[in-house]
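Visitor: Take a look and give me a structure for this.
(one chain, ligands or ions: 1)
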Amino acid sequence: MPELAAYAIHPAQSRGRCHEEAAPQGRSEFQRDRDRIIHSTAFRRLEYKTQVFVNHEGDLFRTRLTHSLEVAQIARSIARGLRLNEDLVEAIALAHDLGHTPFGHAGQEALNSCMKNYGGFEHNLQSLRVVDVLEERYAAFDGLNLCYETREGILKHCSRKNARALGELGERFLRKRQPSLEAQLCNLADEIAYNNHDVDDGLRSGLISLEQLLEVGIFSRHWQAVKKQYPALMERRLIHETVRRMINTLASDVTRQSLKNIRQISPRSPDAVRTTGPMISFSPSTREEQQQLKQVLRLRLYQHYRVARMSGKAKRIISSLFHAFMEDVKLLPPQFQEKAAYDKARTICDYIAGMTDRYAMREHQRLFAVEERWS
Ligand code: MG
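Guide: A predicted model of the protein is given here:
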């Protein structure tokens, strides 16, 4: 691993954990964070949570777990080129989606509207809540007791109202400051990962066609180049080769442009990074091309009527679960009933947010299906 740059987060200078702990042996503070994330319950649940496709729709589509692994891979390789802290980047990337509800964005919108009068629901804030409060694995504290820098990276967005309640961690949203370069990088790696895997999954599902994607500059350029170089290649393999070249191009573009930005501003410390503009970015022309790709994905994939049908169903499942529990907390499993005595809506929200796609569907059946056999 190359030596860390002056603007990277050095583990020895971490702002620390909420609960003080002895220094880790044989691994860095951020490696310990990564290890805690991997061992968490919320991390294992990502395997059965939707990215775009509902988990049971097919075995080969991305789930939140494989998405998170892809984000970590992309972020780590760019981090190395920029001499940023790879361990921190990996921890942030693996944790960035821990707070996602079942059924992707549809689930999140539904839960947010259920929680309208009770403080709302933001998946980013929920990811932080998972690592700060909800995981129950350690004897001495609730949550995973992660380092400040990891938590800072997990909290990508936050409303001003919620930021005010977060103390030091919320400050940057109020003062319009930047997070560490490691956090900025994970944000962009997330975008690179989902744009590219949604191309792959979109084509595999048949919801988006090759013709539609060939209207996108970056896709068609690489597609044509691969085809010219390997005229006899089967279509599926051609797609894979195209996607891998796109990811490569984007990662190199981010590395090149970010180095240029960093050189211009020349921050001498991680704190200097926080008080300037964002430094991890695509080049202007690549940014434009990514916008074009996103637009096609939005129109052809995310707004496809079959995706919309599934999203509608997902919203109905989430909101009927929420309202059934609100009406009668005795329907909740006992450990949640206890917590509901203190804060009913938030407890129900945490319970639903933690569900996997299929658990939510089963729970819905258990509560609403009318069968001859009662159980
Ligand atoms: Mg993500």
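Visitor: When you work out contacts or count neighbours from here on, use the C-alpha atoms and nothing else.
Guide: Will do.
Visitor: need the longest helix for this structure.
Guide: Ranked by residue count and defined by DSSP state H, the top helix of the chain is helix 235-265.
Visitor: Which secondary structure elements does it sit against?
Guide: If you count contacts as 3 or more Cα pairs under 8 Å, 6 or more residues apart in numbering; DSSP states H and E, helix 235-265 packs onto helix 64-82, helix 181-205, helix 217-229.
Visitor: Report the mean confidence score over the first one.
Guide: When you say that, I think you mean helix 64-82. Taken as a whole, helix 64-82 has a mean pLDDT of 96.
Visitor: what about dumping the CA coordinates of the very next helix or strand once past that helix to PDB?
Guide: Per DSSP states H and E, helix 64-82 leads on to helix 86-95 as the next helix or strand towards the C-terminus. Extracted in PDB, the C-alpha atoms of helix 86-95 (Å, rounded to 0.1, in the frame of the first residue of the first chain):
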ATOM      1  CA  GLU A  86      -8.200   2.300   1.900                       C
ATOM      2  CA  ASP A  87      -9.300   0.800   5.100                       C
ATOM      3  CA  LEU A  88     -11.600   3.700   5.900                       C
ATOM      4  CA  VAL A  89     -13.000   3.700   2.400                       C
ATOM      5  CA  GLU A  90     -13.800   0.000   2.600                       C
ATOM      6  CA  ALA A  91     -15.500   0.500   6.000                       C
ATOM      7  CA  ILE A  92     -17.700   3.400   4.700                       C
ATOM      8  CA  ALA A  93     -18.600   1.600   1.500                       C
ATOM      9  CA  LEU A  94     -19.600  -1.600   3.200                       C
ATOM     10  CA  ALA A  95     -21.800   0.300   5.700                       C
END
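Visitor: and of the helices and strands packed on helix 235-265, who's closest to residue 247?
Guide: helix 181-205 (6.8 Å; Cα to Cα).
Visitor: Tell me how far the next helix or strand along the chain from the closest one lies from the chain's centre.
Guide: Later in the chain than helix 181-205, the nearest helix or strand by DSSP H and E is helix 210-213. Distance of helix 210-213 from the chain centroid (Cα atoms, centre = their mean, to the nearest Å) equals 27 Å.
Visitor: Same question for stretch 286-303.
Guide: Worked out by Cα atoms, centre = their mean, stretch 286-303 lies 19 Å from the chain centre.
Visitor: same question, stretch 277-297
Guide: For stretch 277-297, the distance to the chain centre is 18 Å (Cα atoms, centre = their mean).
Visitor: Start at 52, not 1
Guide: Sure, I'll start counting at 52 from here, so that last one is stretch 328-348.
Visitor: contact partners of that stretch?
Guide: 228-229, 232, 235-236, 239, 246, 249-250, 263-264, 267-269, 301, 304-305, 308-309, 312-313 (Cα atoms under 8 Å, 6 or more residues apart in numbering).
Visitor: Sort out which residues of that stretch are buried, please.
Guide: The neighbour-count check on stretch 328-348 (16 or more other Cα atoms under 10 Å) flags 329-334, 337, 340-341, 343-345, 347-348 as buried.
Visitor: for the longest helix of the chain, which positions count as buried?
Guide: 289-290, 292-294, 296-298, 301-313.
Visitor: so that helix versus helix 268-280, what angle?
Guide: If you take axes from the mean of the first three to the mean of the last three Cα atoms, to 10 degrees, helix 286-316 sits at 130 degrees to helix 268-280.
Visitor: mean confidence score for helix 286-316?
Guide: The model assigns helix 286-316 a mean pLDDT of 97.
Visitor: again, but for stretch 54-74
Guide: Stretch 54-74 comes out at a mean pLDDT of 94.
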